[in-house]
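Q: my questions concern the predicted model and sequence given below.
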Amino acid sequence: MKSRFIILFLLLYPSFQLRAQEADSLLPKLSLDQIALINQSDSYISFPTDIGNIEPLLFEANVNPSFIIRERKDSKLMAVLTAQITIRMYNEESFPVRTPSYIPQVSVYYLVNKKETLDNLVFFGKIAHHSNGQDGDFYNDDNSINLKSGNFATNFVEFGILKTAYSKRLKAIKTIKSSIEIHPKSWMTQELQGKYSGLRWHNSFTSFKFSLKNNKNERADFSLKAEATLMLDNFDDLNVFDLDRINASLTFYYHPKFFEDIGLFMQFYHGMDYYNIYFDHQISFIRFGIMTEILRF
């Protein structure tokens with residue numbers, strides 16, 4: 001009886017192996033430039049339907065084109081140049097656009113290892129500038145922050161790792177990021193020193209859910225991104241365990257088949273206002289909008 005099982009196994013094993021190879025061939029391929037694009041912030045425009053304590057907006061837009069520099073398509077080392085601009089148009093008389101955020105940056109990515117198609121470990125580093133293009137006094141006469149024309153400028157570096165994997169049970173690509181962001185005091189304007197966090201620990205989780213129908217390139221059906229930032233340094237007289245040290249967001253994306261180049265998203269955010277000189281505000285909101293499609297498998 002035992003010999004029959006052995007013979008049966010030897011006959012069926014090649015068939016099982018072939019099926020496994022066919023299934024693996026349907027898995028999406030994830031290159032270093034795609035991993036970098038996952039790490040870059042989304043290009044999006046929001047709808048005028050924000051729910052929360054953020055000021056009434058007609059829209060918020062983040063324009064984030066990425067220019068890739070590499071020797072070959074399969075290079076383990078590459079750089080990404082980004083001229084990120086964030087704009088808010090306020091739902092007020094004449095619909096003003098106030099103090100856009102300019103965040104030009106250079107990032108470098110290095111692929112440490114690649115055990116399988118979707119099992120990657122990447123080191124990255126970034127140097128960036130963040131300003132609002134204004135040159136007015138930081139404070140108003142009443143000692144409040146000059147939100148309309150006050151000068152805001154800081155420079156920072158960020159170092160971290162990216163780990164990707166594939167869940168066969170969920171049929172989803174998973175990406176985990178952990179990084180440290182440092183704003184040296186000498187790189188900030190004097191008024192920001194002691195008021196603006198210069199040491200931040202970022203963590204994020206991203207998942208792309210898709211169906212394996214064939215081996216052609218396609219977009220994910222759904223994706224999700226969870227992000228959390230903990231501000232570690234001593235600033236603005238905050239206590240060590242003050243909740244104002246935490247920024248957190250959760251974003252759900254839907255990638256409809258009838259839109260070729262855009263997707264829809266819903267975002268929950270709580271924490272420090274990331275819009276340059278508005279950093280002193282604590283905001284919480286739910287947001288809806290559209291985003292550009294940059295990732296295909």
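A: Nice, I can see it. The model shown is predicted, which means the values in this text are computed figures rather than measured ones.
Q: phi, psi of Gln190?
A: Taking degrees, to the nearest 10, you get phi -60, psi -40 for the backbone angles of Gln190.
Q: what's the pLDDT at it?
A: Gln190 carries a pLDDT score of 95 in this model.
Q: measure it to Asn151 for me?
A: With distances taken as Cβ to Cβ, to the nearest Å, Gln190 is found 10 Å from Asn151. Just so you know, the C-beta spots here come from the backbone N, C-alpha and C atoms, and that holds for glycine as well.
Q: which of the two has more neighbours?
A: When Gln190 is set against Asn151 and neighbours are counted by other Cβ atoms under 10 Å, the residue ahead is Asn151, at 19 against 10.
Q: wait, what's in contact with the more buried one?
A: The contact partners of Asn151, by Cβ atoms under 8 Å, 6 or more residues apart in numbering, come to Asn132, Gln134, Asp135, Gly136, Asp137, Phe138, Thr189, Glu191.
Q: so which of those residues wins on neighbours?
A: For the contacts of Asn151, neighbours were counted by other Cβ under 10 Å; the highest total belongs to Asn132, with 22 neighbours.
Q: show me what contacts the closest residue to Gly198 other than its chain neighbours?
A: Once its chain neighbours are removed from consideration, Gly198 has its nearest residue in His183; the separation is 3.8 Å (Cβ to Cβ, 6 or more residues apart in numbering). With contact taken as Cβ under 8 Å, 6+ apart, His183 is in contact with Thr154, Asn155, Phe156, Tyr196, Ser197, Gly198, Leu199.
Q: residue ranges with poor pLDDT in the stretch 51-200 of the chain?
A: Across the stretch 51-200 of the chain, the ranges flagged by pLDDT under 70 are 114-117.
Q: please enumerate the strands of it.
A: Remark: strands of the stretch 51-200 of the chain, listed N- to C-terminal, are 51-52, 57-63, 66-69, 77-90, 101-116, 119-131, 153-167, 172-182, 199-209; assignment by DSSP state E, counting those that start in this stretch.
Q: now these in CSV, with distance to Asn143?
A: Listed next are the strands of the stretch 51-200 of the chain as CSV, based on distance: least, Cβ to Cβ, whole Å:
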stretch, distance to Asn143
strand 51-52, 27
strand 57-63, 27
strand 66-69, 40
strand 77-90, 24
strand 101-116, 24
strand 119-131, 22
strand 153-167, 20
strand 172-182, 29
strand 199-209, 26
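Q: closest one to Ile283 among those?
A: strand 51-52 (6.6 Å; Cβ to Cβ).
Q: got a PyMOL select line for the buried ones in the contacts of His183?
A: Applying 16 or more other Cβ atoms under 10 Å to the contacts of His183, the buried members can be selected in PyMOL as follows:
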select buried, resi 154+156+196+197+198+199
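Q: pick the one among the contacts of His183 closest to Asp221.
A: Looking across those and measuring by Cβ to Cβ, the closest to Asp221 is Phe156, at 35.4 Å.
Q: Serialize the contacts of Asn151 to a markdown table and add fields for distance to Ile173.
A: As requested, the contacts of Asn151 are exported to a markdown table (distance: Cβ to Cβ, whole Å):
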| residue | distance to Ile173 |
| --- | --- |
| Asn132 | 36 |
| Gln134 | 41 |
| Asp135 | 44 |
| Gly136 | 46 |
| Asp137 | 48 |
| Phe138 | 44 |
| Thr189 | 40 |
| Glu191 | 43 |
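Q: ok, of those, which one's closest to Ile277?
A: Asn132 (5.6 Å).
Q: what sits against the closest one?
A: With contacts taken as Cβ under 8 Å, 6+ apart, Asn132 has the following neighbours: Thr99, Pro100, Ser101, Tyr102, Gly150, Asn151, Phe152, Ala153, Asn276, Ile277.
Q: same thing with Ser204?
A: Going by Cβ under 8 Å, 6+ apart, Ser204 touches Thr175, Ile176, Lys177, Lys225, Ala226, Glu227, Ala228.
Q: just flag the most distant two among these.
A: For the contacts of Ser204, and using Cβ to Cβ, no pair is farther apart than Thr175 and Ala228, which are 14.7 Å apart.
Q: what sits against the residue nearest to Asn140 when sequence neighbours are not counted?
A: Using Cβ to Cβ, 6+ apart and skipping residues adjacent in sequence, the residue nearest Asn140 is Asn146, 5.0 Å away. Taking Cβ under 8 Å, 6+ apart as the definition of contact, the neighbours of Asn146 are Gly136, Asp137, Phe138, Tyr139, Asn140, Ile277.
Q: okay then, goodbye and thanks.
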